[in-house]
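Colleague: Structure for the following, please:
(chains A, B and C)
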Amino acid sequence: MATPPPASARHLLPLSLGLFQGALLLFFALFATYDEPSAAATQEEDGTRAVEQLPNLFPLFQDIQVMLAVGLGLLLAFLPRYGLSALAHNFLLLNVSTQWALLLQGVRHGRLRLGLHNVLAAEFAAVTVLISVGAVLGRTSPCQLLAVAFCEVPVYLASEWLVVTQLGVRDVGGTITIHVFACYFGLGVSKALFGTERRPAHPKETPTPRSDLLALVGTLILWVFWPSFVAAPCQPGDAQHRAILNTFLALSAGAVTTVVASSLLESGGKLSLGHLQNGSLAGGVAIGALADVPITLAASLALGSLSSLVCLLGFRFLTPFLARRLALHDQCGIHNLHGLPGILGAVASVVAVLVASKDTKRCQLSHADGSGVGGLLLVLG
Amino acid sequence: MATPPPASARHLLPLSLGLFQGALLLFFALFATYDEPSAAATQEEDGTRAVEQLPNLFPLFQDIQVMLAVGLGLLLAFLPRYGLSALAHNFLLLNVSTQWALLLQGVRHGRLRLGLHNVLAAEFAAVTVLISVGAVLGRTSPCQLLAVAFCEVPVYLASEWLVVTQLGVRDVGGTITIHVFACYFGLGVSKALFGTERRPAHPKETPTPRSDLLALVGTLILWVFWPSFVAAPCQPGDAQHRAILNTFLALSAGAVTTVVASSLLESGGKLSLGHLQNGSLAGGVAIGALADVPITLAASLALGSLSSLVCLLGFRFLTPFLARRLALHDQCGIHNLHGLPGILGAVASVVAVLVASKDTKRCQLSHADGSGVGGLLLVLG
Amino acid sequence: MATPPPASARHLLPLSLGLFQGALLLFFALFATYDEPSAAATQEEDGTRAVEQLPNLFPLFQDIQVMLAVGLGLLLAFLPRYGLSALAHNFLLLNVSTQWALLLQGVRHGRLRLGLHNVLAAEFAAVTVLISVGAVLGRTSPCQLLAVAFCEVPVYLASEWLVVTQLGVRDVGGTITIHVFACYFGLGVSKALFGTERRPAHPKETPTPRSDLLALVGTLILWVFWPSFVAAPCQPGDAQHRAILNTFLALSAGAVTTVVASSLLESGGKLSLGHLQNGSLAGGVAIGALADVPITLAASLALGSLSSLVCLLGFRFLTPFLARRLALHDQCGIHNLHGLPGILGAVASVVAVLVASKDTKRCQLSHADGSGVGGLLLVLG
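Modeller: So this is what the prediction gives:
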């Protein structure tokens, strides 16, 4: 919207999107049904249970939708003249990626028995795209963004299958499968598109108080609903309760630590809005891999604080370094918000497994439900 | 707020509103009670069940409140200098119309046993007013808007009774009873107020990037919570699950189709924000009449796409035509967002009934719960 | 952020906050555990019940989080150049106060068995801080705001214990314990900080249409989710249903009355945005003490109307009087929004108890569940 696309690209967007919608329609007509007893009377038990959980799952689903469509869109709108496009492109990518993930889910299983849990899984795939494009925001055409979506979703689904199903890693909040993956995919896209080109900062790329205000509202929306994002894939009951508490504590400690660290890092002791917008959320990224595990409340607080600190140090020192040395362009700082805290979360997860397995040997599996053993359940021995 | 009302009208607004509040208070004092077992021990079963469904219904109710007060208000705020008034008038009309609908519900039954489901039904009545005034936005005084509300709510309640109770039309999402009705009521109001007067576009009526950004946020809020709007009146269980899935798919397909169609319709291949703000929601309008019916997922996708297309074609060709020929003033384009997609949904509903009744004859009512027969259940013979 | 803090204060903020986070972490490491059966097998019944209520409580908790982080933040952003700081400071205070309240809860009981209900109680403590600082908004440094938080939370917890546990006052919506308390605490802070200094209005302190629009969005978010705030501490079932209905009616009547009264009070019959932003919420403040009590629907309407009226009269006459006579500085008018309607609610609560006890004698306790007796349950004789 900001810059008119070249004449050749003018029809590329509607054509490719139109073809995609047609293909999706055809696939749904041939292979998709409702996931319910009346559609498959043989699997009544599963179907009934899914519907019984609907009143619990649907509010979480709506919270996540608000995060992705409104919260993330506003957070990306921090560039003053690019705000409208950021919001619109985010919305388009959310829809296309979700549909594309549903189609690929169906292709993999030969058919699609659609329930709210499928849609939720597809939205998680879409999140990776929305994170990745943060690296190239404001410099790419809608067609380029769509190309990213079409490539990233299948790679995500494959990597998620590998990490969760094959390796047995427990990652309810998507720390590794969503955040770390999306970060490095996005940086790869940035490198592929811009190579070693060093572009001076465009005047449009300097936030104004107004665009910063809306971006901060976006941050707050993400911050508020992050526990829903982590709790949605959890088992109802104690695990979900723990996920909510751990995530809340990590986010809250992260927000306070952000203010502390930003005041120390910035000259004049002023609080940087860019820091606040990103650092407040870093705790949520890191806690994902461990949220449903009883890692103790103090560990959640510590992990939240540490990840915000790492995020801000990344903004202060690593981003300028990478831009100087590798000419790596990362518009929204996704490496600081998703990459570094994600890696921290993964490391914490390994530590938790090691500690838990040690404890377990000592306690002779005192936790009857086995929930004491969690995190990155790699085959350790 | 934008223009000071004439001296004579200055006291008309507080007087009429004050009288209305007094009358409402009197009516509630005399005829209204809580809908609960302790208030009417004889109907314990109904009362108990209503309260048992509270945890499921209340989150949906809150979602709908966000849509009406925040989402719709921001969407109407696309006119730059009228934004504040649009938000404030929308809020006032929401309150007055809801209270008025509660009062009329009570008058009809001789008394009011108030529960959350009554409030929800009253809010649906208020929606019609909020849609209708979109046709005359920015040109009407608060008193005129209130007059519209006082006239429209009783007509809506009568028409809803006629269509749903008497004709037996199934319309969970209010496609016919809310959207089509409100659209033509609003156009009638516009015609009645402005006649054949042709006014040139006021400079205040050209959206700016800032007002467009807030209106887009309004659209996103409506888009996100639309499934709650459709699911709230549904039977819990499979029907509600279907309603959520069908509505989600229609909205998602509609959003993508909007981008496709807007790129093709606009010169230069640019995406029009007006199109995005309205077209993304057209799918939700059309699917309402069919949402809880198992019309197949592909049909939901197709209906969503088609209604966005119809909506955009309306903006591009029908609105200028109507303005030129009939001097019809439709500020927000409610005919394109609510009228055309609503009619499309009604037609789709008739088709679904015809197909279903044919299927039913063939299958000897294989669907035990009868949910296969739905849509516009006119007496077909 | 608006004005750089003096050099001496530069390190005070990060130092004090950093120490606080360290102390919190230490306390949680030593004394805090998850509130669940696996953590304390002896209290299985309570633990299980808390988790079973999670699906009902969590959506309300998220609604309240939206109110505090987004709604209240935007409402405070009505000062144009202070908007960003208001939003950021509100967010910081929310986090620090909640954590501080959790720590104090733990200190009081010797240990902390953390569940979602504890977090909710801690957020209610944080609300008092967020309300109080409204009196000194835009004139205080972050350090001063933090000092307010550190003083106010323990005083609130003590007063809440006194009023609710010792005196047995029923106050689900926090009318007395939260709103009245926070108002007079805030006014005391204002007096202590500014004494009798009379400062002319700063140009930054005049709202613009843009800042007013965002503040109105904040009001609408608070208005929409207020029933969740009141319903969260209620017993599930009839009491919660009543709380939702009473709060909804009080808010709705309050909104309409605000328009009526504002049109009459303002010269030219124009609607004041400051009035709308505050008056619409006054009904929610007043109804809190009575919300779960069957005070009749008409009483809810009347209380909502009356409290909005009192709030607007306060803005029109009392605030200028207090500023002139007592040099009392109340930037956001918290005395009008929280003080006066809160006192009104408390008085209504006493009246309800007197009426109920009279009724009870007459009816020989016809309400088996005793819910007819409520409100300000002072020992009356």
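Colleague: hang on, residue A:159 packs against residue A:181?
Modeller: Yes - using C-beta atoms under 8 Å, residue A:159 makes contact with residue A:181 at a distance of 5.7 Å. Placement of C-beta: from N, CA and C, glycine included.
Colleague: quick one: which of these two has more around it?
Modeller: residue A:181 (24 against 17; other C-beta atoms under 10 Å in any protein chain shown).
Colleague: for the helix or strand where that one lies, the distance to its chain's centre please.
Modeller: Using DSSP states H and E, residue A:181 sits within helix A:181-194. Taking C-alpha atoms, centre = their mean, to the nearest Å, the mean C-alpha location of helix A:181-194 is offset from the chain mean by 15 Å.
Colleague: Is the following helix or strand past it positioned near chain C?
Modeller: Where DSSP H and E defines the elements, the next helix or strand beyond helix A:181-194 is helix A:209-231. Yes - interface with chain C: helix A:209-231 contributes A:209-210, A:212-213, A:216-217, A:220-221, A:223-225, A:227-228, A:231 (C-beta under 8 Å from any C-beta of the partner chain).
Colleague: Give me the mean pLDDT for whatever helix or strand comes next after helix A:209-231.
Modeller: Heading C-terminal from helix A:209-231, the first helix or strand you meet, by DSSP H and E, is helix A:238-265. On average, the pLDDT along helix A:238-265 is 94.
Colleague: Does chain C have contacts with helix A:238-265?
Modeller: Yes - using C-beta under 8 Å from any C-beta, helix A:238-265 reaches chain C at A:238, A:240-242, A:244-245, A:248-249, A:252-253, A:255-257, A:259-261, A:263-264.
Colleague: circling back: in TSV: the residues of helix A:209-231 next to chain C, plus pLDDT.
Modeller: Shown next, in TSV, are the residues of helix A:209-231 next to chain C (pLDDT from 0 to 100):
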residue	pLDDT
A:209	75
A:210	76
A:212	85
A:213	88
A:216	93
A:217	94
A:220	96
A:221	96
A:223	97
A:224	96
A:225	96
A:227	95
A:228	95
A:231	93
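Colleague: Just the helices from the stretch 1-150 of chain A, written as ranges.
Modeller: A:12-31, A:44-52, A:54-66, A:72-76, A:83-109, A:116-132, A:142-160 (DSSP state H, counting those that start in this stretch).
Colleague: if you average pLDDT over each of those helices, which comes out lowest?
Modeller: Minimum mean pLDDT among the helices of the stretch 1-150 of chain A: helix A:44-52, a mean of 53.
Colleague: List the contacts of the closest residue to residue A:180 other than its chain neighbours.
Modeller: Excluding the flanking residues, the one nearest residue A:180 by C-beta to C-beta, 6 or more residues apart in numbering or on different chains is residue A:342, at 3.7 Å. Listed by C-beta atoms under 8 Å, 6 or more residues apart in numbering or on different chains, the contact set of residue A:342 reads A:175, A:176, A:179, A:180, A:183, A:285, A:286.
Colleague: Residue A:342: which element?
Modeller: In the assignment (DSSP H and E), residue A:342 maps to helix A:340-363.
Colleague: That helix vs helix A:181-194, what angle?
Modeller: 150 degrees (axes from the mean of the first three to the mean of the last three C-alpha atoms, to 10 degrees).
Colleague: Enumerate the positions of helix A:340-363 that are buried.
Modeller: A:340-346, A:348-349, A:352-353, A:356-357, A:360 (16 or more other C-beta atoms under 10 Å in any protein chain shown).
Colleague: Next, the angle helix A:238-265 makes with it.
Modeller: Calculated by the same axes, to 10 degrees, helix A:340-363 forms an angle of 130 degrees with helix A:238-265.
Colleague: mind checking how far helix A:340-363 is from the chain centre?
Modeller: Using C-alpha atoms, centre = their mean, the offset of helix A:340-363 from its chain centre is 22 Å.
Colleague: Same question for stretch A:227-243.
Modeller: That offset, for stretch A:227-243, works out to 16 Å (C-alpha atoms, centre = their mean).
Colleague: what residues does that stretch touch?
Modeller: Applying C-beta under 8 Å, 6+ apart, the external contacts of stretch A:227-243 come out as A:53, A:56-57, A:59-61, A:63-64, A:67, A:120, A:124, A:172-173, A:244, A:247-248, A:251, A:284, A:287-288, A:291-294, A:371, C:34, C:36-38, C:50-51, C:54-55, C:58, C:62, C:115-116.
Colleague: Now it: buried residues?
Modeller: Neighbour counts over stretch A:227-243 (16+ other C-beta under 10 Å) mark A:227-234, A:237-243 as buried.
Colleague: can you check stretch A:125-141 too?
Modeller: A:125-140.
Colleague: so how far is chain B from residue A:225?
Modeller: Per C-beta to the nearest C-beta, to the nearest Å, residue A:225 is found 11 Å from chain B.
Colleague: and that residue, what is it in contact with?
Modeller: For residue A:225, the contacting residues are A:63, A:64, A:66, A:67, A:71, C:62, by C-beta under 8 Å, 6+ apart.
Colleague: Kindly indicate which of those lies nearest residue B:13.
Modeller: Nearest to residue B:13 among the contacts of residue A:225 is residue A:66, at 35.0 Å by C-beta to C-beta.
Colleague: Verify the contact between the closest one and residue B:222 for me.
Modeller: No - with contact defined as C-beta under 8 Å, residue A:66 does not count as touching residue B:222 (11.7 Å).
Colleague: what about the residue lying closest to residue A:206 once chain neighbours are set aside, how many neighbours?
Modeller: With sequence-adjacent residues excluded and distances taken as C-beta to C-beta, 6+ apart, residue A:206 is closest to residue A:80, at 7.4 Å. When counting by other C-beta under 10 Å, one arrives at 18 neighbours for residue A:80.
Colleague: on that earlier part again, can you add distance to residue B:322 and give the helices of the stretch 1-150 of chain A back as CSV?
Modeller: Listed next are these as CSV, based on distance: least, C-beta to C-beta, whole Å:
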stretch, distance to residue B:322
helix A:12-31, 26
helix A:44-52, 45
helix A:54-66, 35
helix A:72-76, 33
helix A:83-109, 28
helix A:116-132, 38
helix A:142-160, 32
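Colleague: tell me the most buried of these?
Modeller: Of these, the one with the most neighbours on average (mean count of other C-beta atoms under 10 Å in any protein chain shown) is helix A:72-76, at a mean of 26.
Colleague: Now do that one: which elements does it pack against?
Modeller: On a contact count with 3 or more C-beta pairs under 8 Å, 6 or more residues apart in numbering or on different chains; DSSP states H and E, helix A:72-76 meets helix A:83-109, helix A:209-231, helix B:209-231.
Colleague: what's the closest of the ones you listed to residue C:90?
Modeller: helix A:209-231 (9.2 Å).
Colleague: buried residues in the closest one?
Modeller: Neighbour-count burial for helix A:209-231 flags A:210-231 (criterion: 16+ other C-beta under 10 Å).
Colleague: do the same with stretch A:300-313
Modeller: A:300-312.
Colleague: Now the helix holding residue A:181 - C-alpha only, CSV.
Modeller: Extracted as CSV, the C-alpha positions of helix A:181-194 are listed here (Å, rounded to 0.1, in the frame of the first residue of the first chain):
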residue,chain,number,x,y,z
PHE,A,181,12.3,-21.8,14.5
ALA,A,182,10.5,-18.7,13.3
CYS,A,183,13.4,-16.4,14.3
TYR,A,184,16.1,-18.2,12.4
PHE,A,185,13.8,-18.9,9.4
GLY,A,186,13.0,-15.1,9.4
LEU,A,187,16.7,-14.2,9.6
GLY,A,188,17.4,-16.6,6.8
VAL,A,189,14.7,-14.9,4.7
SER,A,190,16.2,-11.5,5.4
LYS,A,191,19.7,-12.7,4.4
ALA,A,192,18.3,-14.3,1.2
LEU,A,193,16.3,-11.2,0.2
PHE,A,194,18.8,-8.4,1.1
